[in-house]
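Asker: Quick one, fold the following:
(4 chains)
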Protein chains: 2
Amino acid sequence: MTGPRARTRIQARNSGTILDAALDVFSQFGFRGATLDQIAERAGLSKPNLLYYFPSKEAIYVALLDALMHAWLDPLRALTHDGEPVEEVLDYVRRKLEMSRLYPRESRLFANEILQGAPRILDRIEGELKTLVDEKAALIRTWVAEGRLAPVDPYHLVFSIWATTQHYADFDVQVHRVLGQDGDAPYPEAERFLTHLYRAALTPAR
Amino acid sequence: MTGPRARTRIQARNSGTILDAALDVFSQFGFRGATLDQIAERAGLSKPNLLYYFPSKEAIYVALLDALMHAWLDPLRALTHDGEPVEEVLDYVRRKLEMSRLYPRESRLFANEILQGAPRILDRIEGELKTLVDEKAALIRTWVAEGRLAPVDPYHLVFSIWATTQHYADFDVQVHRVLGQDGDAPYPEAERFLTHLYRAALTPAR
DNA sequence: CGTGCCGCTGACCATTTGGTCAAACAATCA
DNA sequence: TGATTGTTTGACCAAATGGTCAGCGGCACG
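Answerer: Now for the predicted structure:
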């Protein structure tokens, strides 16, 4: 995470530090709940110093969302017509689950933004995101038409994959408390379950 | 929604109005992002008047969570060993989806709280919620052991049902924008999809 | 080695925020 | 009606918040 137009190496380092600290704070408290002082403290910089690198609180937030948006859709982009349909979708599920495991803060940041009505990212959702989903939905439809996938609504399939995988990042606390395991990771079990869930639902009837 | 210990009918009416307005605001902005002024305005009352009925901002928030928690678990409580296992679970899915449709603000309030680490509701999660889930997980395990349900991890099954159903309330904006339908409700399609998903995954192999 | 630009900060500011309080106002009931 | 209790509010406060600015220090390079 380099930040906007890092010319010197100090700029690269510090704007990276700021964005990382901001991700911590924004992902936990949302845009309005987060404060510049919190971010500054976590970054180990002074508040005016933050505002030397970014013009405003909102600019930091938007920079994060921008950086996130593209990477966030990568797993879905990788869904191609190359392989066996059921396994292609299962691979997507695994990639998405891996994203939740590796980047829970990013998932929460995104969730927070959407929860609040996505005021600062609506255009990206209606543009980039919708376009990509439309494209993949069409691909899924052809698979269904060819009888290589059970007949399902592609959009709601994608929604359910987003929901089930991101759940482990966004609702992390709840998952851990309900499972009662203190340090143990729920991800291996989750992957097993989701694999069964989607394989059963997508394998076409013979 | 009556509020805490309404003695007079004015108290009942006003604390109800306050909680309803607070649900609007808290569910959209989270605890830290919401302001008393916003709540007061939406309730049509003055800010000091709010604080006549509730001792603090946090008290309003906690009152909401308390009122919500019990009702929120009702659909799961209704999962009993009376009927056919697969249909019992499917009924649970439908009830939970209905909750998202009818009470999206409550769903978002809850989601916001969990996203932020559940600081004011952790005990209820480790107590009431975990107890109930443990109980129903045991029931599901017996169904699996009897061969009346496909072998699945009961906890992750419950997580996935929460995730997929609440998704339609919490990520409402995203769902609507991606589907591109402006006033149309996605719920009938969602119910059809989720029914297929869970029926396929839970029906035991013959 | 000096000069100029990049990086940084303490002090400050206006606004917002949660919360208080005394006093005014309304409802109830003897 | 009058006394008592319940309800409402304008004015106010201290703290927190996003943001500004003049100036200081240091690094880089001619």
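Asker: Is stretch A:42-60 in proximity to chain B?
Answerer: No - Stretch A:42-60 lies apart from chain B when judged by CB under 8 Å from any CB of the partner chain; the minimum separation is 12.9 Å. All C-beta atoms are positioned from the backbone trio N, CA, C, and that covers glycine.
Asker: Endpoints of that stretch, how far apart?
Answerer: 14 Å (CA to CA, to the nearest Å).
Asker: mind listing what's buried in that stretch?
Answerer: A:42-43, A:45, A:50, A:53-54, A:57, A:60 (16 or more other CB atoms under 10 Å in any protein chain shown).
Asker: what's the answer for stretch A:92-100, then?
Answerer: By 16+ other CB under 10 Å, the buried positions in stretch A:92-100 come out as A:92-93, A:96-97, A:99-100.
Asker: Helices - which of the residues you listed land there?
Answerer: A:92-93, A:96-97, A:99-100 (DSSP state H).
Asker: need the residues of chain A near DNA strand D, please.
Answerer: Within chain A, the positions near DNA strand D by CB under 7 Å from any atom of the strand are A:34-37, A:47-48, A:51, A:55-58.
Asker: longest helix anywhere in chain A?
Answerer: Determined from DSSP H, the single longest helix within chain A is helix A:9-33.
Asker: can you tell me if it touches chain B.
Answerer: Yes - Helix A:9-33 reaches chain B (CB under 8 Å from any CB) through A:28-33.
Asker: tell me, which of the residues of chain A next to DNA strand D make contact with DNA strand C?
Answerer: A:47-48.
Asker: Let me know the closest of the residues of chain A next to DNA strand D to residue B:65.
Answerer: Of all these, residue B:65 sits closest to residue A:34, with 21.5 Å by CB to CB.
Asker: Now do the contacts for that closest one.
Answerer: Taking CB atoms under 8 Å, 6 or more residues apart in numbering or on different chains, we find residue A:34 in contact with A:22, A:25-26, A:28, A:57.
Asker: Could you rerun that using 6 Å?
Answerer: By CB atoms under 6 Å, 6 or more residues apart in numbering or on different chains, the contact set of residue A:34 is A:25-26.
Asker: go on, residue A:113?
Answerer: Residue A:113 sits in contact with residue A:121, where contact means CB under 6 Å, 6+ apart.
Asker: All the helices of chain A, residue numbers only.
Answerer: Going by DSSP H, chain A shows helices at A:9-33, A:36-43, A:47-53, A:57-77, A:85-102, A:104-115, A:122-124, A:130-145, A:154-170, A:172-179, A:187-202.
Asker: got those as TSV, with mean pLDDT and distance to residue B:84 columns?
Answerer: Converted to TSV, these look like this (pLDDT from 0 to 100; distance: least, CB to CB, whole Å):
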stretch	mean pLDDT	distance to residue B:84
helix A:9-33	93	42
helix A:36-43	97	52
helix A:47-53	96	59
helix A:57-77	96	36
helix A:85-102	98	27
helix A:104-115	97	35
helix A:122-124	92	44
helix A:130-145	98	28
helix A:154-170	98	23
helix A:172-179	96	26
helix A:187-202	98	18
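Asker: could you measure the closest residue to residue A:140 other than its chain neighbours against residue A:144, distance?
Answerer: Closest residue to residue A:140 apart from its sequence neighbours, by CB to CB, 6 or more residues apart in numbering or on different chains: residue A:154 at 3.8 Å. Computed with CB to CB, to the nearest Å, the distance linking residue A:154 and residue A:144 is 8 Å.
Asker: Quick one: name the residues of chain A near chain B.
Answerer: With the criterion set to CB under 6 Å from any CB of the partner chain, chain A comes near chain B through A:28-30, A:32-33, A:108, A:114-118, A:125-126, A:130, A:133, A:153, A:156, A:159-160, A:163-164, A:167, A:170-171, A:173-174, A:177-178, A:189-190, A:193, A:197, A:200-201.
Asker: Kindly supply the ChimeraX command isolating those of those residues that are buried.
Answerer: With 16+ other CB under 10 Å as the burial test, the buried ones among the residues of chain A next to chain B are selected in ChimeraX as follows:
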select /A:28,29,30,32,33,108,114,115,116,118,125,130,133,153,156,159,160,163,164,167,170,171,173,174,177,178,189,190,193,197,200,201
